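# This is a predicted model, with the sequence first.
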Amino acid sequence: MTVFDYTDRIVLVTGATRGIGNAAALAFATAGATVIALGRTQGALEVLDDAIREAGGPRPVLVPINLLEPEGLDALGSELHRRFGYVDAVIGAAAVLGPLTPVGHLEPKGWDMILASNLTANWRLIRSMDPLLRAAPAGRAVFLTSSAARGIAFWSAYAASKAGLEALVASYADEMENTQVRAVCLDPGAVRTRMRAQAFPGEDPATLPEPSAVAPTILELARPDRAPPLGVVRFQNRKTLS
């Protein structure tokens, strides 16, 4: 797969401090993009900054932010509009797994936290970034989903959040039909991440691809010169769950 030259492109990545989001942020920067990296902790963002500089990428914009605080995302949209005027691509990689338990045993606070993190935060992200994507020559939005969205025992809240995300992104993509903005969900499959280890503690991580294996697909879906496929893109190396 030939990597598109993202020089002079502006790409926002949530969950940029670990896992697939981290790998995507580094890959975009290596391909020349100015990355707006969102993460919870300043220290982890600075580690990414060091990696990007070592790889020769443009200096990123580091944004320590809690996506559960709506004022932060709204303010970010205004600040990015003031500073750049547009954003070429938005990559929604941040997510939480939450408790895996029967539906009847799931506490309301667990349900609320998972839906707020995986669904509501992405709605707020789209709402905040929509004007910036529209202002770009060919805005792209890529959100990470999971095959768990079909519904699996004990995964109810996580599954519901990802099913909702797929519906949200599909609706947004349909609304953007007559614009240059395109939106898509990517199911990365089973990847060697902290979340995967949390969900399957007995699994041998050596049998799974690294997050960096997914990054080229994300870069391909975000290319401004090609429209991504409709619906959910399934990463070819996926196993049962992501």
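Perfect, thanks for sending it.

# ok, residues contacting the longest helix seen in the chain?
The longest helix of the chain (DSSP state H) is helix 156-175. Residues external to helix 156-175 that are found in contact with it (CB atoms under 8 Å, 6 or more residues apart in numbering): 95, 97-100, 102-103, 106, 110-111, 114-115, 117-119, 122-123, 126, 141, 143, 145-146, 148-152, 182-185, 230-232. To be clear about C-beta, it is placed using only N, CA and C from the backbone, and glycine gets the same treatment.

# Now the buried members of these.
Buried positions within those, assessed by neighbour count (16 or more other CB atoms under 10 Å), are 95, 97-99, 106, 111, 114-115, 117-119, 122-123, 126, 141, 143, 145-146, 148-149, 182-185, 232.

# Count the neighbours of residue 163 for me.
Other residues lying near residue 163 total 17 when counted by other CB atoms under 10 Å.

# Ok, residue 41 next?
The local packing count at residue 41 equals 11, with neighbours defined by other CB under 10 Å.

# What pLDDT is listed against it?
In this prediction, residue 41 carries a pLDDT score of 94.

# Also residue 199?
Among the per-residue scores, residue 199 shows a pLDDT of 83.

# nearest residue to it other than its sequence neighbours?
Nearest-residue entry for residue 199: residue 97, 5.8 Å, with adjacent residues in sequence omitted and distances by CB to CB, 6 or more residues apart in numbering.

# try residue 22
The shortest distance from residue 22 to any non-neighbouring residue, by CB to CB, 6+ apart, is to residue 16 (5.8 Å).

# quick one: the residue lying farthest from the centre of the chain and residue 20, what's the gap?
Here the chain reaches farthest from its C-alpha mean at residue 104, the gap being 29.7 Å by CA atoms, centre = their mean. Distance from residue 104 to residue 20, counting by CB to CB, to the nearest Å: 32 Å.
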